[in-house]
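[1] any chance you could fold what I've pasted below:
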Amino acid sequence: MSTPPQPPRATPDGHHPMPAFDGPSAPKGAPSAAGSAFAVGGPRVPGPNGSPARKPPVRAPEAAPLPDETRIERAIRRGFARVGTLALGPYQTAVVRIGFATTWLLFLLREFPHRRELYGPDGPWSLELARPFLDNNHAFSVLPWSGSTAWFEAVYGLAVVSSALLLVGWRTRTMSVLFMVGVLSLQNRSIYAGDGGDNVIHLMAMYLVLTRCGQVWSLDARRARRAAEAPGGGTRPGRDLPGIVLWAVLGLVLATAQFGGAYGLSWFAHGPCPGVGWSLALWGLWAVHAVWWLAERYAPGEPRAVLDMLAKLVHNGAFLVILVEVCLVYATAGWYKIQGSRWQDGTAVYYPLHLDYFSPWPDLSRALAGNGLLIMLLSYGTVIVQVAFPFTVFNRRLKNVLLVAMIGEHLAIAFLLGLPFFSLAMVAADAVFLPTAFLTRLGARAARVGNRLRRGRGGGSAGGAPGGTDVRVPSAPRGVDGPARNAPQDGGDGTRATVG
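    Alright, predicted model coming up:
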């Protein structure tokens, strides 16, 4: 007669041992272990188109409450444990990555015929005028490294390519750094070429470097999934020759600039944060990529787990900064509007509709400006939404209502005032507050449409995508508003890549 399984024995400090688990937790309300694919020992989920079955991730049980522990103390302890074990907001950071990469890429492509006048040697703001200005405010840009046209074209081309590759999520770790360098170099070179949205892109480009923004909806995530589903997917990773070459080339370029005395490369001053110069920041990122690759290839145990935990902590910190930044943008904008007399009397929206350079549709602008009630409602509504939004982020229903209003406001600005890139940047920033359930449904619908299009062209297989690889988007449990519980946490952002 077999002995029934015994529950794990508590340790002396009151904790129950946590079994090792591979990946994210099961959705809330998932079936019991007897019939759940999320349970330990549950059925294996078959791969796409007959690929080898892969055991799904399981959820670790929560630790038992400590003796005399209050509810607040328990919540704080669980919060610390969650921050160190999960990379929060995988879908939200992916949307931010896609949104800002798209905005910057479209802007660069639209201004491509005028690039030399805006940022290059043919503009009124010449390099001779820009150098003293950059020296005074210590802004970083690689364009002063050389005054040649070839160097400018190379930097502009790098900005375009890095934006496109960050958009599709190829080597997101490296492309986020190159994206930041491209944004800072061009914007700091000509600070007068902007419409307000450039400030938001400027900030978010720096924050994205610290996030794991390729966990979902990226080529890195697809590459990691294919590697896990391949025979022997849990074994030692390969050499990753493209990543090694990319890492070596970028290191060579940075070393040449460093030893050549290039502008802006100081070690401990005038960098992205106090006491950290751009040399220390860029070389530090370059070294971190090497350490990550070495740990994954030669130390996949505890050293790799420690690095992964640190990466999640940095990601969660940057994700929180992005959330706070968006709230500050709206809070400051709203409170400044309250102090303006035109906003107080409800006529502020009237005046930009009569500016010729903000009127792509003059007849429509005049028709709207002629409706006094509509102008008053739009003026007061804008102030109310911007002031109230930071106070509603913890109320899901109110937050979502105001989020729809703000996105609609920016779309109206893009259409009526002719400011598409400012509006796109703000919509991309607003997207960080979109509910996870909505994002996963949107991704699943986009994947189904893509599969139908590929089958219509005759290039798809039974699974939908060419080459026998199905496009799958994990779904979030109904009612979840925040980071998905079943989103990929490890390997989804190209962890097998050297510098991806």
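[2] going by C-alpha atoms from here, please, whenever you check contacts or count neighbours.
    Noted.
[3] and the pLDDT for residue 394?
    Per-residue confidence (pLDDT) for residue 394: 89.
[4] other SSEs contacting the host helix or strand of residue 133?
    Remark: residue 133 resides in helix 127-137, with elements defined by DSSP states H and E. Secondary-structure packing of helix 127-137 (3 or more Cα pairs under 8 Å, 6 or more residues apart in numbering; DSSP states H and E): helix 172-189.
[5] now the helix or strand following the helix it packs on: mean pLDDT?
    Remark: after helix 172-189, the chain's next helix or strand is helix 197-208, criterion DSSP H and E. For helix 197-208, the mean per-residue pLDDT is 94.
[6] and if you look at stretch 249-256?
    96.
[7] only the buried residues of that stretch, if you could.
    Neighbour-count burial for stretch 249-256, with 16 or more other Cα atoms under 10 Å as criterion, is recorded at 251, 254.
[8] alpha carbons of it, as PDB, please.
    What follows is stretch 249-256, C-alpha atoms only, in PDB (Å, rounded to 0.1, in the frame of the first residue of the first chain):
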ATOM      1  CA  VAL A 249      32.300  45.600 -34.400                       C
ATOM      2  CA  LEU A 250      30.600  47.900 -31.900                       C
ATOM      3  CA  GLY A 251      33.400  47.500 -29.400                       C
ATOM      4  CA  LEU A 252      35.900  48.400 -32.100                       C
ATOM      5  CA  VAL A 253      34.000  51.500 -33.100                       C
ATOM      6  CA  LEU A 254      33.700  52.600 -29.500                       C
ATOM      7  CA  ALA A 255      37.400  52.000 -28.800                       C
ATOM      8  CA  THR A 256      38.400  54.000 -31.900                       C
END
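[9] how far away from the center of its chain is it?
    The chain centre lies 26 Å from the centre of stretch 249-256; the measure is Cα atoms, centre = their mean, to the nearest Å.
[10] just the residues contacting it, thanks.
    283, 286 (Cα atoms under 8 Å, 6 or more residues apart in numbering).
[11] put the alpha carbons of whichever strand or helix holds residue 443 into CSV.
    Following DSSP H and E, one finds residue 443 within helix 436-456. Taking Å, rounded to 0.1, in the frame of the first residue of the first chain, the C-alpha atoms of helix 436-456 are listed here in CSV:
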residue,chain,number,x,y,z
THR,A,436,-2.9,43.3,-20.8
ALA,A,437,-6.0,41.5,-21.7
PHE,A,438,-6.7,44.0,-24.5
LEU,A,439,-3.1,43.8,-25.8
THR,A,440,-3.1,40.0,-25.9
ARG,A,441,-6.5,40.0,-27.7
LEU,A,442,-5.2,42.6,-30.1
GLY,A,443,-2.0,40.5,-30.7
ALA,A,444,-4.0,37.3,-31.2
ARG,A,445,-6.2,39.0,-33.8
ALA,A,446,-3.2,40.5,-35.6
ALA,A,447,-1.6,37.1,-35.7
ARG,A,448,-4.8,35.5,-37.2
VAL,A,449,-5.0,38.2,-39.8
GLY,A,450,-1.4,37.7,-40.7
ASN,A,451,-1.9,33.9,-41.0
ARG,A,452,-4.9,34.4,-43.3
LEU,A,453,-2.9,36.8,-45.5
ARG,A,454,0.0,34.2,-45.8
ARG,A,455,-2.5,31.4,-46.6
GLY,A,456,-4.1,33.6,-49.2
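[12] name the SS class of the closest residue to residue 117 other than its chain neighbours, please.
    Using Cα to Cα, 6 or more residues apart in numbering and skipping residues adjacent in sequence, the residue nearest residue 117 is residue 123, 3.8 Å away. Using DSSP: H, G, I helix; E, B strand; the rest coil, the secondary structure recorded for residue 123 is coil.
[13] what backbone torsions are found at residue 123?
    Per-residue torsions, residue 123: phi -80, psi 160 (degrees, to the nearest 10).
[14] gap between it and residue 193?
    Counting by Cα to Cα, to the nearest Å, the gap from residue 123 to residue 193 is 11 Å.
[15] again with residue 169
    For residue 169, the distance to residue 193 equals 28 Å [Cα to Cα].
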